[in-house]
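In: A predicted structure for the sequence below; I have some questions about it.
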Amino acid sequence: MKKAIPLIFAFGALLFAGCASTRQYVPMPDQTKTVEDPSKGRIYVVRPASLGYAVSMNVSEDGKPIGATGSHGFICWERPPGDSIVSSASEGVSQVPLTVDAGHVYYVFQHLRMGLLIARNELELVDEEKGRKALKNCHAARVETPKQTVMPAPPKE
């Protein structure tokens with residue numbers, strides 16, 4: 001039992017080390033407008049709950065990184081009309097297929113669940129009323145440049 005106490009404190013310190021931030025790698029549309037570019041559709045991924053506040057979840061669209069959600073945060077972007085798949089991966093992958101129409105807004109909730117080793121996430125397409133209500137209690141992502149690994153140039157022969 002004496003050996004378990006330090007492990008419990010170490011795990012607790014890691015768990016509560018800090019809140020995960022909500023960040024976005026694509027431009028954030030003007031939030032005062034329903035849709036900034038009327039020829040595009042707007043997508044929100046909203047994480048309305050505080051469960052897993054120390055864990056951020058990466059979000060991508062058609063394999064392209066869009067950002068990462070933290071507790072009570074949202075990311076938002078606009079895209080041309082057409083079929084799309086919004087996905088998030090943790091212990092498994094959750095996906096939501098969308099057919100985006102110009103001038104329309106889509107709300108995707110990201111729910112976190114306890115996983116075996118890490119948190120699981122589940123994406124759910126919700127209606128506009130539920131989406132707008134949740135946005136009032138969430139903060140917008142901070143837009144930043146994604147961290148990329150710089151590959152060294154091949155040696156010259």
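Out: It's in.

In: what ranges of this protein fall below the confidence cut-off?
Out: 1-20, 50-54, 115-118, 146-157 (pLDDT under 70).

In: For it, which segments count as strands?
Out: 23-24, 41-47, 57-61, 64-69, 73-79, 82-90, 92-100, 105-113, 120-126, 139-140, 142-143 (DSSP state E).

In: As JSON lines, those strands with distance to residue 34 would be great.
Out: The C-beta positions use only the backbone N, C-alpha and C, and glycine is treated the same way. Shown next, in JSON lines, are the strands of the chain (distance: least, C-beta to C-beta, whole Å):
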{"stretch": "strand 23-24", "distance to residue 34": "19"}
{"stretch": "strand 41-47", "distance to residue 34": "7"}
{"stretch": "strand 57-61", "distance to residue 34": "20"}
{"stretch": "strand 64-69", "distance to residue 34": "20"}
{"stretch": "strand 73-79", "distance to residue 34": "11"}
{"stretch": "strand 82-90", "distance to residue 34": "19"}
{"stretch": "strand 92-100", "distance to residue 34": "14"}
{"stretch": "strand 105-113", "distance to residue 34": "6"}
{"stretch": "strand 120-126", "distance to residue 34": "17"}
{"stretch": "strand 139-140", "distance to residue 34": "15"}
{"stretch": "strand 142-143", "distance to residue 34": "20"}
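
In: May I see the ones you listed arranged in CSV, with distance to residue 31 and mean neighbour count as well?
Out: Output for those, formatted as CSV (distance: least, C-beta to C-beta, whole Å; neighbours: other C-beta atoms under 10 Å):
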stretch, distance to residue 31, mean neighbour count
strand 23-24, 12, 22
strand 41-47, 10, 24
strand 57-61, 18, 21
strand 64-69, 15, 21
strand 73-79, 7, 23
strand 82-90, 19, 16
strand 92-100, 19, 15
strand 105-113, 12, 19
strand 120-126, 18, 17
strand 139-140, 7, 14
strand 142-143, 12, 14
